[in-house]
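[1] Coordinates only, no sequence provided:
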């Protein structure tokens, strides 16, 4: 009784206070207080033909990444009808893809899982991605928590799994295709948010698109994981066949990572940890000692966003872990089993310099090549940019309010926008929230980016961090107390290295997850990897066909959302035939894309 009384009187209040403080800290860090304390603006002036009846303002959001979901969370309000359109039916936590590709965490932790809800209609999915028989699917068949919460605040909120193909600025209509043959959606909008992100940029290098592995989607991580484990199994089997397969074993166990940014560095560090620990335990030192990890960067140094001193710390740490770091090297050709590298040359290089670099090119056999060397605009963004007369096809040119220049009612955020800010998740999330608030409140304001810092994990409990010195200028400076040196051009940033930076990296990304279940799953994965090693079960990409529906969606029922109009094959063909021959051919290709 005494112990129970002590628990109720002492520990329970302390636990409650700690939980409340943690919630307040996460809410402050994520700038989400207006989710709880905000008085919505009066309904917008959008009306139907009958002036006495107001219709909800139609908002279409293209994408399901950082920027798109941040915009959704903020824009949902009274008299708002919101539709989110994306071919990816889950939120992907891209900073964790490097960890999931070697089994440090499972893909279900890197993706925002759909949670069932009896209060919302369910449209069964046309297919899901599975990680073997004992893992739950990461894209499941019911309403997603964020859309569900938005539907509670807005007139309607619906997610539709479709691929946006065209934006008709004159008619204010988005046209999107679905998995169903000949089925197209037409989505009318008053406000459009283009947040489709970016895709890998191969720079036109021969063979990259056909033979390289990427790290942009959940499927990319699963493919890389499968390739690594498959090569390990083959190498282990060949190692028992004598010396005649030595060259093939060395090829299978060589991984080349192209791109010395945070993604490439974190992946190289994860691969090194995987080789030294899990491969050695499962396949033996004879195999783990033969693994070769090569990090290739065309620039003179890795980690360009960081101060040079921190980049050098990262490079030295990678070299200590056995990673071959090659700067000033460029990929010129990729085949199924080899890659050609040459000294990189600047854009201003002369013909003689380029010829000398080409003469010095050498080919190396590889078991896997991972391309993390840059991003480019998606086809929809390029098509829209071209229709606006832009000459720069890297993204949509926006003004200081993040409105697309020359397109009424259209915003662009994240990697889809040419806003002058770096293409990072931090920027995308802040821009999405800014645009969402502007739509919610009916007032456009200048976007102001608040840079909190940059983080990079180096594995083995190490990392680097370059943080904004938010506590400077006072009598007491917490960074001075910790002995953190100042870095950056103006000396207004501080540097952390080693375990403190690694703990900060994990803590920050843990708080950025979108649900308590995701945080619990991620924490469990980290604990499992620490205690019993990484997951070495080969992932299986599997499309499981369920009920075939014209449109996969969740949230507010489609029939209750007048933003969406279904166009079937017959109607599409009739529309195409009614136009002139040139326009008809163009639309016919579109219907059957």
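    Okay, I see it. No experiment lies behind these values; they were computed from the predicted model shown. Numbers count the residues shown, from 1 in each chain.

[2] nearest spatial neighbour of the residue sitting nearest the centre point of the chain, skipping sequence neighbours?
    What sits nearest the mean C-alpha location of the chain, by Cα atoms, centre = their mean, is residue 94, with 3.6 Å. Excluding its sequence neighbours, the residue lying closest to residue 94 (Cβ to Cβ, 6 or more residues apart in numbering) is residue 425, at 6.6 Å. Backbone N, C-alpha and C define where each C-beta goes, glycine included.

[3] how about the one you found, what does it touch?
    By Cβ atoms under 8 Å, 6 or more residues apart in numbering, the contact list for residue 425 reads 66, 94-95.

[4] what does residue 364 give?
    The contact partners of residue 364, taken as Cβ under 8 Å, 6+ apart, are 254, 256, 338-341.

[5] and the next element down the chain from the host helix or strand of it?
    Here residue 364, judged by DSSP states H and E, is contained in strand 362-365. Next helix or strand after strand 362-365 toward the C-terminus (DSSP H and E): strand 368-371.

[6] Other residues contacting stretch 494-507?
    For stretch 494-507, using Cβ under 8 Å, 6+ apart, the contacting residues are 307, 309-310, 313, 455-458, 461-467, 469, 479, 482, 484-487, 526.

[7] Tell me which of those fall in strands.
    455-458, 462-467, 486-487 (DSSP state E).

[8] Going through those residues, which ones are buried?
    Among these, those classed as buried by 16 or more other Cβ atoms under 10 Å are 455-458, 462-467, 487.

[9] Which pair in those has the greatest spatial separation?
    Farthest-apart pair in those is 457 and 487; separation 18.3 Å (Cβ to Cβ).

[10] looking at it, the residue nearest to the centre of the chain is touching residue 216, isn't it?
    Yes. The pair residue 94 / residue 216 is scored as a contact, 7.4 Å apart, by Cβ atoms under 8 Å.

[11] Contact partners for the nearest residue to residue 533 once chain neighbours are set aside?
    Distances taken as Cβ to Cβ, 6+ apart put residue 278 closest to residue 533, at 5.0 Å, once the chain neighbours are dropped. Contacts here follow Cβ under 8 Å, 6+ apart; on that basis residue 278 touches 102-103, 533-534, 536.

[12] least confident pick among these?
    pLDDT across the contacts of residue 278 is lowest for residue 536, at 77.

[13] Dihedrals phi and psi, that one?
    Main-chain dihedrals, residue 536, degrees, to the nearest 10: phi -110, psi 20.

[14] neighbours of residue 316, just the number please.
    Using other Cβ atoms under 10 Å, residue 316 has 12 other residues around it.

[15] oh sorry, the question was meant for residue 402
    Neighbours around residue 402, by other Cβ under 10 Å: 25.

[16] do the same with the one 10 residues further on
    The local packing count at residue 412 equals 30, with neighbours defined by other Cβ under 10 Å.

[17] Are we agreed that residue 84 is in a helix?
    No. Residue 84 is assigned strand when assessed by DSSP: H, G, I helix; E, B strand; the rest coil, not a helix.

[18] And for it, the neighbour number?
    Residue 84, neighbours per other Cβ under 10 Å, totals 28.

[19] What's opposite it in the beta bridge?
    With DSSP bridges as the criterion, residue 84 is bridged to residue 61, residue 159.

[20] what about it, distance to residue 405?
    24 Å (Cβ to Cβ, to the nearest Å).

[21] now swap in residue 210 and tell me
    Distance, residue 210 to residue 405, by Cβ to Cβ: 36 Å.

[22] Show me which of these two is the more surrounded one.
    Taking neighbours as other Cβ under 10 Å, residue 210 and residue 405 compare with residue 405 leading, 14 against 10.

[23] and the residue lying closest to the more buried one once chain neighbours are set aside, which of the three is it?
    Nearest non-adjacent residue to residue 405, counting by Cβ to Cβ, 6+ apart: residue 397, 5.1 Å away. Under three-state DSSP, residue 397 falls in the strand class.

[24] and residue 397, what does it touch?
    Residues in contact with residue 397, defined by Cβ under 8 Å, 6+ apart, are 385, 388, 390, 404-405, 418.

[25] Whichever of the residues you listed end up buried, select them in ChimeraX.
    Only the buried entries of those go into this ChimeraX selection, using 16+ other Cβ under 10 Å:
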select :385,388,390,404,418
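
[26] ok, which pair from the contacts of residue 397 is furthest apart?
    Largest separation among the contacts of residue 397 by Cβ to Cβ: 388 and 418, giving 11.6 Å.

[27] picking that back up, would you quantify the distance from the residue nearest to the centre of the chain to residue 83?
    Counting by Cβ to Cβ, the separation of residue 94 from residue 83 is 24 Å.

[28] swap in residue 217?
    Residue 217 sits 22 Å away from residue 83, going by Cβ to Cβ.

[29] swap in residue 361?
    50 Å.

[30] Which of these two has more residues huddled nearby?
    Shown here are residue 361 and residue 83; by other Cβ under 10 Å, residue 83 has more neighbours (30 against 15).

[31] And that one, what's its pLDDT?
    Residue 83 carries a pLDDT value of 94.

[32] again, but for residue 158
    Residue 158 is assigned 89 on the pLDDT scale.
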